[in-house]
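Participant: Sequence and computational prediction follow.
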Amino acid sequence: MSRAKGNLAEESAYGFLYEKGFAVVERNFYSRFGEIDIIAVKDKVLHFVEVKSGKDYESAIYNITRSKLSKVVKTAQIYMSKNSLDCDFTFDAIVVTPYKIWHVENITL
């Protein structure tokens, strides 16, 4: 996926979360392990969000591999430590297709 497509997907995901009542606290947080696309909070729960796009749900969601999720988890640990956070959190995915956006909460492999 091109960076331009990724940026469009992230903008769509940001708007989707905003409409659902999430407060986005950070976008594109980087660590030496990788990147978290969106960090948002709702109802006192911190959501570390991976954004994926594709022509359909399956082609997008299957791009969240065990390796990618491991990098997100390590990066989230750094974010929480850096900001001295001790709160509930979850790892989510936003899947963006040409016709629909899905929010998949609490993803695991």
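Facilitator: Perfect, I can see it now.
Participant: Low-confidence ranges, the chain, go.
Facilitator: Low-confidence segments of the chain (pLDDT under 70): 1-2, 109.
Participant: Now do the contacts for the residue lying farthest from the centre of the chain.
Facilitator: For the chain, the largest distance from the centre (Cα atoms, centre = their mean) belongs to S84, which lies 20.4 Å off. Not one residue lies near S84 by Cβ atoms under 8 Å, 6 or more residues apart in numbering. Heads up, the C-betas are built off the backbone N, CA and C, glycines and all.
Participant: In terms of helices and strands, where is it?
Facilitator: Assigned by DSSP states H and E, S84 falls within no helix or strand.
Participant: Count the neighbours of the nearest residue to D37 once chain neighbours are set aside for me.
Facilitator: Distances taken as Cβ to Cβ, 6 or more residues apart in numbering place V51 nearest to D37, at 4.3 Å, with adjacent residues excluded. Applying other Cβ atoms under 10 Å, we find 25 residues neighbouring V51.
Participant: Can you tell me how far V51 is from F33?
Facilitator: Here the distance between V51 and F33 works out to 17 Å (Cβ to Cβ, to the nearest Å).
Participant: Q77 too?
Facilitator: Distance, Q77 to F33, using Cβ to Cβ: 9 Å.
Participant: again, but for R27
Facilitator: 17 Å.
Participant: Over to K42?
Facilitator: For K42, the distance to F33 (Cβ to Cβ) stands at 25 Å.
Participant: As a check, name the ranges of all strands in this structure.
Facilitator: Assigned by DSSP state E, the chain shows strands spanning 23-30, 35-42, 45-53, 88-96, 101-104.
Participant: Make CSV from these and add distance to T65 to it.
Facilitator: Putting those into CSV (distance: least, Cβ to Cβ, whole Å) gives the following:
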stretch, distance to T65
strand 23-30, 19
strand 35-42, 14
strand 45-53, 11
strand 88-96, 12
strand 101-104, 15
